[in-house]
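Chemist: Provided below are the primary sequence and the corresponding predicted coordinates.
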Amino acid sequence: GTVDFDCDVVVIGGGPGGYSAAFRAADLGLKVVLVERYKTLGGVCLNVGCIPSKALLHVAAVMDEVKHLEVAGVKFAAPEVNIDQLRGHKEKVIGKLTGGLGQMAKMRKVTIVRGYGNFVSANHIEVDETTGDGQEKTGSKKIIQFKNAIIAAGSQAVHLPFMPKDPRVVDSTGALDLKEVPKRMLILGGGIIGLEMGTVYSTLGARLDVVEMMDGLMQGADRDLVKIWQKMNAPRFDNIMVNTKTVGAEATPEGIKVSFAPAKDGITVPEPQTYDLVLQAVGRTPNGKKISADKAGVAVTDRGFIDVDIQMRTNVPNIFAIGDIVGQPMLAHKAVHEAHVAAEVIAGELQGNKELAAAAFNARVIPSVAYTDPEVAWVGLTEDQAKAQGIKVKKGLFPWAASGRAIANGRDEGVTKLLFDDSPEAHGHGRILGGGMVGTHAGDMIGEVALAIEMGADTVDIGKTIHPHPTLGESIGMAAEVAHGSCTDVP
Ligand code: FAD
């Protein structure tokens, strides 16, 4: 048929991966078309992920924080929450950011085609156009011809097959809708997304249960940190069920009745429980099977991921993929970095710019943060991972009970933990391999540990860097000094 658009690069998906790739490619002088089925740019992260969850978590954190002032003789009356206004506030936050993205696309002359994109060949995409606030199809189709494509179609929440279709069963998108506050809520899956949403609902008044198949909450984080998080958060929960599977659920007039089974020998599980709200947060599945990748010859794994090399190139040389669709960790900051690599490689190839064409994704580490209260943040190796890999580490553990700032804040439950290479080859000057923190603002501080790992810093580099006093960030320098064996006095 006829070609409606002809471009250097077409990007499928307008999330953090997609818009970052489109903007970078346009900045590098390429003609870019971005295909997005929804009305706004921003993808999961801005519309139903990172940003709305943080808007709500900020409110929850302030509500919780004022309770810590009671020891200082300051007591607030119980908060009055207007749930509709709170939801409206969250929508405004989203609107500001997605509106900004629309402007940035326009400034860069990125053409946005609204609709479902599907490959029809290794040089053509057909877009089934959509309109309105959702994804209503207009019936009109457009053909985009491209030199290169970047697939950034993201992921979506996994739904357990036996969960009833019922308004009282939601995924993270439904939970962010925040229609009302349930009395009893079950979080299915004890990962970051479930625990963040649980924090919001619990602060607003819900009692929580959580069920997790693995042997602990927040898999991936150091157990020393999670232990402290769990102790601080115990009052929110009636039941923390680990090593436990959810095996059935039934919609009843009283609520959603959920049954459990041991995921491991020797575990006892409760009788079926009834909840006003069940949040499914058991992981996300990539959208790789939904873009007719086979028509372009792009290989998609059984699970729907698309494999790429360090230049973010798929098995088809002119087609790249980035973000959640290429694998774990499914995080926005990873998607953005991968996006820049793909755009730079393409620009370099089209323009004969060797330096750009040689771009590659070679981050050593990608930090993770649970924006709960307290926050948990980690990057690089954990102690368990080091042990499993047979790497000898020297650890520096700095309890915030010795941090002037944390004590002054009335929040000294935190811990900063750093791990340094202690193998014989390191000769006692081992580089930092990983680190984590539990405590208020941990997420804002973990970037320093990531930088230290990227720079190959050792205990002296970090410990002798003068951190301002009194700050929570000092705990990073202190932890390094502890690992060095030189920390004796604390502020
Ligand atoms: P997505 O953001 O999923 O975007 C993909 C886009 O592609 C979507 O807009 C979709 O509509 C579009 N699309 C898909 N298929 C097609 C098609 N065929 N045609 C046209 N358009 C299509 N990450 C963090 O780093 N920090 C956080 O705090 C954080 N919090 C989160 C909280 C929640 C509740 C959730 C669910 C996720 C959170 N994440 C967070 C993860 C983060 O949202 C994702 O890692 C990130 O959005 C991935 O970006 P992406 O560009 O790969 O894909």
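Modeler: That came through, no problem.

Chemist: Roughly how far does the spatially most central residue of the chain sit from Ser155?
Modeler: The centre of the chain sits closest to Leu331, judged by CA atoms, centre = their mean, with a distance of 4.0 Å. Distance, Leu331 to Ser155, by CB to CB, to the nearest Å: 11 Å. For every residue, glycine as well, the C-beta is placed using N, CA and C.

Chemist: Near the closest residue in space to Ala105 that isn't next to it in sequence, how many residues? Count them for me, please.
Modeler: Leaving aside its chain neighbours, Ala105 sits nearest to Ile112 (6.0 Å; criterion: CB to CB, 6 or more residues apart in numbering). Using other CB atoms under 10 Å, Ile112 has 17 neighbouring residues.

Chemist: pretty sure Ile112 is in a helix, no?
Modeler: No: with DSSP: H, G, I helix; E, B strand; the rest coil as the criterion, Ile112 is assigned strand and is not in a helix.

Chemist: Show the contacting residues for it.
Modeler: 14, 33-36, 41, 105 (CB atoms under 8 Å, 6 or more residues apart in numbering).

Chemist: now those as CSV including distance to the ligand, secondary structure and neighbour count?
Modeler: Putting these into CSV (distance: CB to the nearest ligand atom, whole Å; DSSP: H, G, I helix; E, B strand; the rest coil; neighbours: other CB atoms under 10 Å) gives the following:
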residue, distance to the ligand, secondary structure, neighbour count
Gly14, 5, coil, 30
Val33, 11, strand, 26
Leu34, 9, strand, 28
Val35, 5, strand, 30
Glu36, 5, strand, 28
Leu41, 8, coil, 26
Ala105, 13, helix, 21
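
Chemist: Format those residues as TSV; extra columns: pLDDT and distance to Gly205.
Modeler: Converted to TSV, the contacts of Ile112 look like this (pLDDT from 0 to 100; distance: CB to CB, whole Å):
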residue	pLDDT	distance to Gly205
Gly14	98	36
Val33	98	47
Leu34	98	41
Val35	98	42
Glu36	98	36
Leu41	97	34
Ala105	98	40
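
Chemist: Nearest to Gly327, out of those: which one, please.
Modeler: Nearest to Gly327 out of the contacts of Ile112 is Gly14 (CB to CB; 20.2 Å).

Chemist: Could you list the contact residues of this protein toward the ligand?
Modeler: Residues of the chain found near the ligand (CB under 6 Å from any ligand atom) are 12-18, 35-38, 43-45, 49-50, 53, 116-117, 152-155, 172, 193, 287, 290-291, 323-325, 330-333, 335.

Chemist: Do I have it right that Arg37 meets Asn118?
Modeler: No: contact criterion CB atoms under 8 Å: Arg37 and Asn118 do not qualify, at 10.9 Å.

Chemist: and the longest strand anywhere in the chain, which residues are buried?
Modeler: In the chain, with assignment by DSSP state E, the single longest strand is strand 136-151. Within strand 136-151, the residues that count as buried by 16 or more other CB atoms under 10 Å are 142, 144-151.

Chemist: residues near the closest residue to the ligand within the stretch 101-250 of the chain, how many?
Modeler: Residue nearest to the ligand within the stretch 101-250 of the chain: Gly154 (2.0 Å; CB to the nearest ligand atom). By the measure other CB under 10 Å, the count of residues near Gly154 is 26.

Chemist: Surely it is in contact with Asn47?
Modeler: No: Gly154 lies out of contact with Asn47 (CB under 8 Å); the separation is 10.9 Å.

Chemist: all helices of the stretch 151-300 of the chain, in order?
Modeler: Applying DSSP state H, counting those that start in this stretch to the stretch 151-300 of the chain gives helices spanning 172-177, 192-203, 223-233.

Chemist: so which of these is the most packed in?
Modeler: When those are scored by mean count of other CB atoms under 10 Å, the highest mean neighbour count falls to helix 192-203 (a mean of 24).

Chemist: Give me the phi and psi for the closest residue to Leu350 other than its chain neighbours.
Modeler: Spatial nearest neighbour of Leu350, chain neighbours left out: Asp8 (6.0 Å); criterion: CB to CB, 6+ apart. Main-chain dihedrals, Asp8, degrees, to the nearest 10: phi -70, psi -40.

Chemist: residues contacting Asp8?
Modeler: Contacts of Asp8 (CB under 8 Å, 6+ apart): 25, 30-32, 146-148, 346, 350.

Chemist: give me that answer again for 7 Å
Modeler: Residues in contact with Asp8 (CB atoms under 7 Å, 6 or more residues apart in numbering) are 30-32, 147-148, 350.

Chemist: Those into CSV, with extra columns for pLDDT?
Modeler: Output for these, formatted as CSV (pLDDT from 0 to 100):
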residue, pLDDT
Leu30, 98
Lys31, 98
Val32, 98
Lys147, 98
Asn148, 98
Leu350, 98
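
Chemist: so where's this protein uncertain?
Modeler: Residues of the chain that meet the criterion pLDDT under 70 lie in 1, 486-491.

Chemist: Relative to Ile476, how far out is Gly439?
Modeler: From Gly439 to Ile476 the distance is 11 Å (CB to CB).

Chemist: Many thanks, we can stop here.
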